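> Quick one: sequence plus predicted model below, questions after.
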Amino acid sequence: MVNIILLGPPGAGKGTQAKRLVDERAMVQLSTGDMLREAKSSGTEMGRRVADVMARGQLVTDDIVIGLIEEKIGQGAGGGFIFDGFPRTLKQADALAALLQKTGQTLDAVVEMQVDDAALVARITGRFTCGKCGEVYHDKTRPTKVSGTCDVCGSHDLKRRADDNEDALKTRLMEYYKKTSPLIGYYYAKNQLSTVDGLAEMDSVAAAISKILDKT
Ligand code: AP5
């Protein structure tokens with residue numbers, strides 16, 4: 001069992017690689033972005049509160065996302081957890097360390113996915129996902145085999161995110177550099193940081209992540 005964090009700016013490929021690890025290693029993906037979007041679409045009070053903040057590309061409060069992770073982490077995971085989009089602040093990183101300790105678990109690797117900002121605009125503005133199974137696609141780099149139909153589950157419910165536009169992306173990037181990028185130094189100092197080239201092809205990124213996991 002291996003617990004890892006995928007760390008990187010919006011569009012770095014965290015969700016794409018997390019889904020592969022779920023399929024290949026029976027790991028459990030904990031994406032705070034997906035959890036928040038689910039709360040929003042199921043119309044919970046919290047979902048309504050975060051909707052505007054997310055659409056603008058700002059971070060929601062630490063307490064909300066720490067609460068979401070706390071609910072899941074105690075349940076354990078066969079192949080381990082993939083923390084995707086969490087932690088995003090130093091407060092969240094400290095909270096994760098405390099939660100893992102409290103539940104007798106360890107953090108085995110932090111994988112920083114390095115990409116340059118210019119590539120992110122193209123990735124984000126071309127992205128769409130399956131509303132039923134969550135599979136991630138891209139107009140150019142990963143289109144569906146049959147137009148309008150999810151390759152995995154056959155659903156026709158393919159969606160684009162409200163925050164996948166250039167304006168919100170600018171805010172998301174600013175939030176990343178101001179609040180999340182300090183985590184790179186934080187985990188480096190803890191000797192837990194590894195880096196992969198997120199601009200490489202999806203299979204090469206997956207192979208680089210696998211290599212890191214095999215060494216833990
Ligand atoms: P979240 O859902 O976490 O979004 P994000 O971090 O902005 O990351 P993305 O999902 O946009 O990108 P990704 O790295 O997963 O890339 P993907 O694999 O899809 O968060 C959304 C919002 O929720 C936040 O803005 C905030 O408001 C809130 N939130 C969430 N967590 C929070 C927290 N912890 N604290 C506070 N607020 C929080 O790939 C992108 C595209 O590129 C896809 O189309 C894909 O097909 C393509 N692609 C992927 N890899 C490659 C490759 N190697 N080559 C070519 N194309 C590729």
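The structure has been received and is ready for your questions. Residues are numbered from 1 along each chain as shown.
> Check which residues of the helix or strand hosting residue 118 are buried.
Using DSSP states H and E, residue 118 sits in helix 117-125. Buried residues in helix 117-125, counted by 16 or more other Cβ atoms under 10 Å: 120, 123-124. Every C-beta, even on glycine, is put in place using the N, C-alpha and C of the backbone.
> Which secondary structure elements does it sit against?
helix 166-175 (3 or more Cβ pairs under 8 Å, 6 or more residues apart in numbering; DSSP states H and E).
> near the ligand, from the buried residues of helix 117-125?
residue 123 (Cβ under 6 Å from any ligand atom).
> What residues does this structure have near the ligand?
Within the chain, the positions lying close to the ligand (Cβ under 6 Å from any ligand atom) are 8, 10-16, 32-33, 36, 53-54, 57-60, 65, 85-86, 88, 92, 123, 126-127, 136-138, 141-142, 163, 172, 201-202, 205.
> Give the lowest-confidence helix or strand of this protein, using mean pLDDT as the measure.
Lowest on mean pLDDT, DSSP states H and E among the helices and strands of the chain sits helix 117-125, with a mean of 91.
> Next, the angle helix 166-175 makes with that helix.
Helix 117-125 runs at 130 degrees relative to helix 166-175, counting by axes from the mean of the first three to the mean of the last three Cα atoms, to 10 degrees.
> Sheet partners, orientation included, of the helix or strand just after helix 117-125?
Where DSSP H and E defines the elements, the next helix or strand beyond helix 117-125 is strand 127-130. Using DSSP bridges, strand 127-130 pairs in its sheet with strand 136-138 (antiparallel), strand 158-159 (antiparallel).
> For the residue lying closest to residue 59 once chain neighbours are set aside, grab the count of nearby residues.
The shortest distance from residue 59 to any non-neighbouring residue, by Cβ to Cβ, 6 or more residues apart in numbering, is to residue 175 (5.2 Å). A total of 19 residues lie near residue 175 under the criterion other Cβ atoms under 10 Å.
> what sits against residue 175?
For residue 175, the contact set (Cβ atoms under 8 Å, 6 or more residues apart in numbering) comprises 57-59, 88.
> middle-most residue in this structure, spatially?
Residue closest to the average C-alpha location in the chain (Cα atoms, centre = their mean): residue 84, at 3.0 Å.
> Helices of the chain, residue ranges please.
For the chain, the helices defined by DSSP state H cover 14-25, 32-41, 45-56, 62-73, 90-102, 117-125, 166-175, 182-189, 202-215.
> one step back: in CSV: the strands paired with strand 127-130, plus mean neighbour count.
Compiled in CSV, these are given as follows (neighbours: other Cβ atoms under 10 Å):
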stretch, mean neighbour count
strand 136-138, 17
strand 158-159, 16
